[in-house]
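1. Quick one: sequence and predicted model below, then my questions.
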Amino acid sequence: MTTATDLYCPLWRRLAALLYDLLAVVAIVMVVGYVCQRITGGTLISTDGHAHIAWWYQPLQALVVSAYFLISWLRGGQTLGMRPWRIRLRNEQGLAISPMQALVRLLVAAAPLCLLVLAPWLGNRTALWAVAVAWIAWFGVATFDPRRRALHDVIARTVLYR
C-alpha cells in the first residue's frame, strides 16, 4: 500500500541526483572555461607569481551554472541528475513551479557558497568546511520535514516528488 509520504523524494535519492548534477556542472564549467580561454587567446588566467583570473570569469560561470538549474526546473521540473532517479520538482499544489520559486530555490540552495568569502581570513580548508556544514544543515531539514523538503524547498515552497 502506498502512502502519501511515499510520493515525496527521500534524502538519499535527492543526494544521488545531486551527485549526477555535479558531473553535469563540472562539464558545463569545463566547456565555458575552454570557450573563454579560446576567446581571450589564453589570457583568461595570467600568472606573475600568483594566478590572476579575469574579473568577469567567475560571475560568468555562476550565471551559466545557475541558468542550467533554472532552465531545467522550469522546463519539465527535472535536471539531468533528477531524470534517472525519477524525481520531479513541483510546487506545493503539485503543479509546475513559477520562475520566482525557481529563483528563490536557487538562491537559498547556493547561499552557503557565500561562506567562501571567509577563505582569506580563515583559510581555504575552514571555508570549505563551513560550506559543507551549512549544506548539511540545509539538507538536514529534510529528515524532520513531513514532506522531506530541504531548507531551500521549504523557503521556496516547492516539493520533490518521485
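-> Everything's here; your move.
2. Low-confidence ranges, this structure, go.
-> 1-6 (pLDDT under 70).
3. That one: strands as residue ranges?
-> In chain order, the chain shows strands spanning 45-47, 51-53, 88-91, 158-161, with DSSP state E as the criterion.
4. can you redo these as a markdown table with mean neighbour count and distance to residue 101?
-> C-beta coordinates here come from the backbone N, C-alpha and C atoms, glycine included. Below are those laid out as a markdown table (neighbours: other C-beta atoms under 10 Å; distance: least, C-beta to C-beta, whole Å):
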| stretch | mean neighbour count | distance to residue 101 |
| --- | --- | --- |
| strand 45-47 | 11 | 37 |
| strand 51-53 | 10 | 33 |
| strand 88-91 | 18 | 6 |
| strand 158-161 | 22 | 6 |
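5. Output these as CSV; include the columns distance to residue 13.
-> What follows is the strands of the chain, written out as CSV (distance: least, C-beta to C-beta, whole Å):
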stretch, distance to residue 13
strand 45-47, 38
strand 51-53, 36
strand 88-91, 12
strand 158-161, 8
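6. quick one: which of these is nearest residue 104?
-> Counting by C-beta to C-beta, residue 104 lies closest to strand 158-161 out of the strands of the chain; the figure is 8.7 Å.
7. could you dump that closest one to PDB, C-alpha only?
-> Only the C-alpha atoms of strand 158-161 are listed here, as PDB (Å, rounded to 0.1, in the frame of the first residue of the first chain):
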ATOM      1  CA  THR A 158       8.500  23.500  -3.500                       C
ATOM      2  CA  VAL A 159       8.400  19.800  -3.200                       C
ATOM      3  CA  LEU A 160      10.400  17.000  -4.800                       C
ATOM      4  CA  TYR A 161       8.200  14.100  -5.900                       C
END
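8. contacting residues around it?
-> 7-9, 14, 82, 87-92, 94, 97, 101, 105, 147-149, 153 (C-beta atoms under 8 Å, 6 or more residues apart in numbering).
9. Mind checking which of the residues you listed land in helices?
-> Using DSSP state H, the subset of the contacts of strand 158-161 located in helices is 14, 101, 105, 153.
10. Which of those residues has the largest number of neighbours?
-> When neighbours are counted by other C-beta atoms under 10 Å, residue 153 leads these with 25 neighbours.
11. how much space is there between that one and residue 118?
-> Distance check for residue 153 against residue 118: by C-beta to C-beta, to the nearest Å, it reads 26 Å.
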